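J.: structure for this input, please:
(2 chains)
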Amino acid sequence: MDLLNAFITLSNFVLIPAIAYGSQLALGALGVTLIYGILRFSNFAHGDTMAFGTMATILITWGFQSVGISAGPLPTALLALPFGIAVCAALILATDRGVYRFYRTQKAKPIIFVMVSLGVMFIMNGLVRFIIGPNDQRFADGERFIISVRTFKAMTGLDEGLAIRTTQGITVVTAIIVVALLFYFLNRTRTGKSMRAYSDNEDLALLSGINPERVVMVTWLIVAALATVAGVLYGLDKSFKPFVYFQLLLPIFASAIVGGLGSPIGAIAGGFTIAFSEVMITYAWKKVAGYALPEALAPDGLAQLLSTDYKFAVSFVILLIVLLFRPTGLFAGKSV
Amino acid sequence: MTDTTRNTLYFAFIAVLIIGTGMMTSWNLAITIMNFGLISAIMALGVNLQWGFAGLFNVGIMGFVALGGLATVLISMPPVGEAWAAGGLRVILSLILGAATIVGAILAYGALPKGRIRTIGMLVILIAGFFIYRAVFDGGVQAVEAVNPANAGYLGGLGLPVLLAWPVGGVLAAGAAWIIGKTALGLRSDYLAIATLGIAEIIIAILKNEDWLARGVKNVVGLPRPAPYEIDLQNSATFVERASGLGLDPVTASTLWVKTIYAGLFTVVLLILFLLAQRALHSPWGRMMRAIRDNEVAAEAMGKDVTARHLQIFVLGSAICGIAGAMMTTLDGQLTPGTYQPLRFTFLVWVMVIVGGSGSNLGAVLGGFLIWWLWVMVEPIGLWVMQTATSGMAEGFWLREHLLDSAAHMRLLTMGVVLLLVLRFSPRGLIPER
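T.: Next up, the predicted model:
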């Protein structure tokens, strides 16, 4: 019984939050990794792209709410999501036209692209703050819980409760759908195959008649969709604050590099690796240990390895370890 | 127009901007802009060393600047005796134990045969070391932070003259840069960017949360100053006399005088670093650096150790940022970890370097002054633009209110646009590298 309680506590505070967070990171890292594979640079504007897409979705959500459209028990933001993606895609395509294309035709070094993406980041960040302001915005509505602690306790009769928030459920389900669609697209459709060919060997792809501008455009569209979905899911699960999205850049990059830059499977594995390490290292294990260990061994303190303020340090240390020992990442991306 | 005339014109323009600000608004503001311009110019010199000489992309300037600020506290504040008695030695001991763990793991990595034994051995050392470190550390920190938390609660510094903190800030920043460079250099160029982005966030997180070190977000205020205090000047008869001789009231005169002293100190540091950077640029070493930047493969074929040279220049550039950080904290007279924003301390410096002209030291200095002036002035100008643009709208109209409220965010947009425009249309900057 105690072991079961320990497991429930663990699920409630570690497994479920980490799975939800991991899905969000994985979606973000997929975007970074796709840009890296096709356009060959690390996009520093990705966090702010997420923020922009989320902002567009929030504004549309508010519009829907004010005219009384809702999705019943689900958050209204899900209905607004396609429109948010469209707005974000429009901005990104405009950025590509106005900014990145010039450097592509010049065949500029990757580091110049990185620097340009820094400028884009500034502008997107400014736009977001200009339109919606720098403060916290909550936009989740609908049913709050799939299972609340009380119902779970009544159902099972255990001491410990388990809560699954609707947003966590939605995060996981949406992430699975999006990833399935993405892999279907990359592996089965003609455009997806041409993208992979372009990513593997640009010259050969050009020789076989693949239109590079089309590949790049499709990539940006997919990236806009991924970034907006990741941003909205994160915002629903926690809350929307522009600066937090900028800070997400570090765990997202860490995920993409841990998995191997340029490898989509790697981005997903990396996202979950980072999320689980972050949550497990900053979680206070006292309660779980109290149930799982015999009384004599139970810890006195919180049994927390690092305070939650250092959660970025976790992704950073993992990043350093990967760079030191396996710079190509778990799934041998195209690094170094 | 020769280069010299052009450069003279540029700097004359800066002088006009600063003097103009002084005449239009106040001399106090003008000299404040000048002081921060000097510090920005030093930061830009450091970044130019990394980017302009060697093509290294450092996105963690904020972290190195903050380490410089930390050095100011550690060097100049008087030690808190009670805290040292309560747990200071214990904290220091735990830090030594932590460092020993890492060194032990590295030694074990070298000594043990490759394979499973090595992995397990290292893990055992690291995990055991971590728990021992935490056991010693936690108690010490609690004891230190319990000492008079309202105005101490930390170990204090060494009580040495504050000017000594400037080189020490450079050394601290150099140490952090060495760790980052050792891991991330020699790989893809983007990796250094990501690693530095991370270290900056972590340094700020440490400054905010480790109260025993520098009081965290409770801030350390009242740092010793290299300049006299205004109130002492106002009480000194000779100073008041001299001020009235110039037709100034003593309060204004004292603030201006103190800021002028700072400006003098900063100018000396800037000149020294500028001359050194200039010498380095034109030495064989500088030529080698640029050769490596322009073609790593060719330089490597000529027998140059690219990774080692990159590490060297990365550490040097970060040290300069650390010095500038220590100077800035000295000027502020307080360490406030909450105010370190990547936008202000990392990306702004980048805009300075790019606009000024990467690879040219004079350009970095020019960019530092120019962009700093713009950064200070964009907000009032933005507000003015917004007021003009919305003057046709009705009072209390939502769009007008919103636009006026958002004028503060004009800075980001402006800096982003400036960066993109310069990169696109004048990638060599105002004073191009020769």
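J.: tell me how far the top helix by length along chain A lies from the chain's centre.
T.: Longest helix of chain A, by residue count under DSSP state H: helix A:212-237. Mean C-alpha position of helix A:212-237 versus that of the full chain (Cα atoms, centre = their mean, to the nearest Å) differs by 11 Å.
J.: cool, and stretch B:331-342?
T.: On Cα atoms, centre = their mean, the centre of stretch B:331-342 falls 10 Å from that of its chain.
J.: who's in contact with it?
T.: Residues outside stretch B:331-342 that contact it (Cβ atoms under 8 Å, 6 or more residues apart in numbering or on different chains) are A:246, B:35-36, B:39, B:59, B:62, B:65-66, B:69-70, B:72-73, B:197, B:200-201, B:204, B:207-208, B:214, B:216-217, B:219-223, B:225, B:262, B:266, B:329. Where C-beta positions appear, they are placed from N, C-alpha and C, glycine not excepted.
J.: show me which residues of the stretch 151-300 of chain A are close to chain B?
T.: Neighbours of chain B within the stretch 151-300 of chain A, by Cβ under 8 Å from any Cβ of the partner chain: A:246, A:247, A:249, A:250, A:253, A:254, A:257.
J.: give me that answer again for 6 Å
T.: Contact residues, the stretch 151-300 of chain A versus chain B (Cβ under 6 Å from any Cβ of the partner chain): A:250, A:253.
J.: low-confidence ranges, the stretch 151-300 of chain A, go.
T.: Across the stretch 151-300 of chain A, the ranges flagged by pLDDT under 70 are A:298, A:300.
J.: rerun at 80
T.: Residues of the stretch 151-300 of chain A that meet the criterion pLDDT under 80 lie in A:157, A:159, A:286-287, A:289-290, A:292-300.
J.: just the buried ones from the contacts of stretch B:331-342, in ChimeraX syntax?
T.: Filtering the contacts of stretch B:331-342 down to the buried ones (16 or more other Cβ atoms under 10 Å in any protein chain shown) takes a single ChimeraX command:
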select /A:246 /B:35,36,39,59,62,65,66,69,70,72,73,197,200,201,204,207,208,214,216,220,223,262,266,329
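J.: in strands only, show me the contacts of stretch B:331-342.
T.: Mapping those onto strands (DSSP state E) picks out B:220, B:221.
J.: circling back to that earlier point, what's the longest helix of chain A packed up against?
T.: Counting contacts by 3 or more Cβ pairs under 6 Å, 6 or more residues apart in numbering or on different chains; DSSP states H and E, helix A:212-237 packs against helix A:16-39, helix A:46-67, helix A:77-95, helix A:166-188, helix A:190-200.
J.: now do 10 Å
T.: Helices and strands touching helix A:212-237, by 3 or more Cβ pairs under 10 Å, 6 or more residues apart in numbering or on different chains; DSSP states H and E, are helix A:16-39, helix A:46-67, helix A:77-95, helix A:101-106, helix A:166-188, helix A:190-200, helix A:202-207, helix A:242-247.
J.: just confirm yes or no for the longest one near chain B.
T.: Same thing as helix A:16-39. Yes - using Cβ under 10 Å from any Cβ of the partner chain, helix A:16-39 reaches chain B at residue A:36.
J.: packing partners for that helix?
T.: Counting contacts by 3+ Cβ pairs under 10 Å, 6+ apart, helix A:16-39 packs against helix A:46-67, helix A:110-132, strand A:164-165, helix A:166-188, helix A:190-200, helix A:212-237, helix A:249-259, helix A:264-282.
J.: just the ones you listed: most buried one?
T.: Mean neighbour counts were compared across these using mean count of other Cβ atoms under 10 Å in any protein chain shown; the top stretch is helix A:249-259, at a mean of 31.
J.: that one versus helix A:212-237: what angle between them?
T.: Helix A:249-259 runs at 120 degrees relative to helix A:212-237, counting by axes from the mean of the first three to the mean of the last three Cα atoms, to 10 degrees.
J.: helices and strands around helix A:249-259, which ones?
T.: Applying 3+ Cβ pairs under 10 Å, 6+ apart, one finds that helix A:249-259 contacts helix A:16-39, helix A:46-67, helix A:264-282, helix A:311-325, helix B:189-209.
J.: switch the ones you listed over to a markdown table; also include distance to residue B:341.
T.: Below are these laid out as a markdown table (distance: least, Cβ to Cβ, whole Å):
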| stretch | distance to residue B:341 |
| --- | --- |
| helix A:16-39 | 22 |
| helix A:46-67 | 15 |
| helix A:264-282 | 23 |
| helix A:311-325 | 15 |
| helix B:189-209 | 9 |
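J.: low-confidence ranges in chain B?
T.: In chain B (pLDDT under 80), the answer is B:1, B:148-153, B:186-189, B:247-248, B:343, B:379, B:382-383, B:386, B:389-410, B:434.
J.: for chain B, what is the nearest residue in the stretch 151-300 of chain A?
T.: residue A:253 (4.7 Å; Cβ to the nearest Cβ).
J.: ok, and the closest non-adjacent residue to that residue?
T.: Excluding the flanking residues, the one nearest residue A:253 by Cβ to Cβ, 6 or more residues apart in numbering or on different chains is residue B:194, at 4.7 Å.
J.: list the contacts of the one you found.
T.: Applying Cβ atoms under 10 Å, 6 or more residues apart in numbering or on different chains, we find residue B:194 in contact with A:42, A:44, A:114, A:249-250, A:252-254, A:256-257, A:261, A:316, A:319, A:323, B:57, B:59-60, B:184, B:188.
J.: for residue B:293, same thing?
T.: By Cβ under 10 Å, 6+ apart, the contact set of residue B:293 is B:51, B:52, B:53, B:54, B:55, B:56, B:299, B:306, B:309, B:310, B:313, B:359.
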